[in-house]
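Asker: Below are the sequence and a predicted model for it; my questions follow.
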Amino acid sequence: MRLTAWLALGGLLWLAWRPAAPAAPARSVESARALPQALREATVAPVTRLDVTLDSLPGRSERAWARALASAGTAIHWRLAPGAKPGIALTVEPVSSPNGGGRVIVSAAAGEVVTLRDAAGSIDSATTGVGGVRVLEATIDGTVMAATRGAAASAALRDSVVLRKVLVLARAGWEGKFTVAALEEAGWEVAARFRVAPDVVVRQGGDAPIDTARYAAVVALDSSAAPLGAAITRFVRSGGGVVLGAEAARLASLAGIAPARAGQGVAPLLGALPTAAPRRALGGIAYTALRPAAVVLERTGASARVVAARVDGGRSLAIGYDDTWRWRMEGGDGAPADHRAWWSGLVASVAHAPLAPLAVVAATDEAPYPALVEALGEPAAGAASGAPPASRDAGERILFTILLAALLAEWGSRRLRGAR
């Protein structure tokens, strides 16, 4: 036992004083552009550490490559170059419109110039405001890419929307006629019920029950909707949407889902129809006593003219304008198109539009900076120095164990001999 202990001790001394094997070198990478070459070289000839300074964010493949090297034992310390602004995030969601398209939401540092493009070309280029967010709706072809001075992100639609019919309820007249025309021209499939006498209703598109399996939204323009108040209320509370005209908003049968209470009348501004603010020429009402969390979408001066709110699972919107058909017929050259877009936008904002996942979704990089932190950890606080300590060799641990066992055996042997 004594000989074994001395041999183990000699082996430990030799391991302690032998010349250290040359350590794999560390490497500095001074820009994101140089990172792919550095990763290739570190894969072929391993290094102990990569010190990476990023003036822009690496892409998905570089992040995955760096993470694999880190998992294989290469320490990767990264930091941002002075002045770098890497924060960018992008998402694309479908809009409830018969024309398709999507809503693009991009977030970047305030004051950054953001360029947006897709497979068909440029979509938009703008400077972000104080909040650093840019939102727009556009027709989208493939993957959307957003780029700033030091970062780029990409996103694609993951879902499409299922749009059903829009039901228009009105008395026979110009307002109902041109509301239906505007919606159909915008691409909506419209069903209509026009009351021409107290007991006479002319129907377009059948007489199906009002539920979310058949309709995306109901447009109730006037008191002709009163007999259907209970059905419309159930429809909205179960997830449907409703647009209430000024007269319909006063109905007691719809008071439970109205976003606000109908208030005082608003006088029209004569001569405003051909101007840039044509709806000032439309009389009607102002809304007061808004529901909790209701939002005023349009005002005429201090008067709330368009108000929206969530009602249980659905959405309710009330407009305070009378005779919007006059805008279409008596406005400027662009009045028909503007009237059509306005009505389509109102319906789209409340429409029940369940999502249907797309079969194929392109690989995207929606938030590159959080993805980089997830892959490589938080950025280093300062410049890294020194190589990481080498792990203790397994042979040293074995020799130490043998030495300890031999010493214990020698001690136990002496105790046993003394006991005799």
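Answerer: Done, it's in. None of these values were measured; they are calculated from a predicted model.
Asker: for whichever strand or helix holds Asp51, packing partners?
Answerer: Using DSSP states H and E, Asp51 sits within strand 49-54. Packing partners of strand 49-54 (3 or more Cβ pairs under 8 Å, 6 or more residues apart in numbering; DSSP states H and E): strand 26-29, helix 35-44, helix 60-71, strand 75-80. For glycine as for every other residue, the C-beta is placed from the backbone atoms N, C-alpha and C.
Asker: distance between the last one and the chain's centre?
Answerer: Mean-position distance between strand 75-80 and its chain equals 29 Å (Cα atoms, centre = their mean, to the nearest Å).
Asker: Check which residues of it are buried.
Answerer: With burial defined by 16 or more other Cβ atoms under 10 Å, the residues of strand 75-80 counted as buried are 76-80.
Asker: one step back: the helices and strands packed on strand 49-54: which one's closest to Ser96?
Answerer: Closest to Ser96 of the helices and strands packed on strand 49-54, according to Cβ to Cβ: helix 60-71, at 31.0 Å.
Asker: quick check: angle from the strand holding Asp51 to strand 75-80?
Answerer: 20 degrees (axes from the mean of the first three to the mean of the last three Cα atoms, to 10 degrees).
Asker: residues making contact with strand 49-54?
Answerer: Contacts to strand 49-54, defined as Cβ atoms under 8 Å, 6 or more residues apart in numbering, come from residues 26-32, 35, 38, 42, 66, 69, 74-81, 84, 86, 383-384, 387-388.
Asker: ok, now which ones touch the residue most central in space within the chain?
Answerer: Most central in the chain under Cα atoms, centre = their mean is Thr91, positioned 4.1 Å from the mean C-alpha point. Thr91 makes contacts with 104-105, 155, 366, as judged by Cβ under 8 Å, 6+ apart.
Asker: Could you export the residues you listed as TSV, including distance to Ala348, secondary structure and neighbour count?
Answerer: Shown next, in TSV, are the contacts of Thr91 (distance: Cβ to Cβ, whole Å; DSSP: H, G, I helix; E, B strand; the rest coil; neighbours: other Cβ atoms under 10 Å):
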residue	distance to Ala348	secondary structure	neighbour count
Val104	16	strand	22
Ile105	17	strand	16
Ala155	21	strand	24
Glu366	24	coil	18
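Asker: nearest to Leu228, of those?
Answerer: Proximity of the contacts of Thr91 to Leu228 (Cβ to Cβ) peaks at Ile105, which lies at 36.6 Å.
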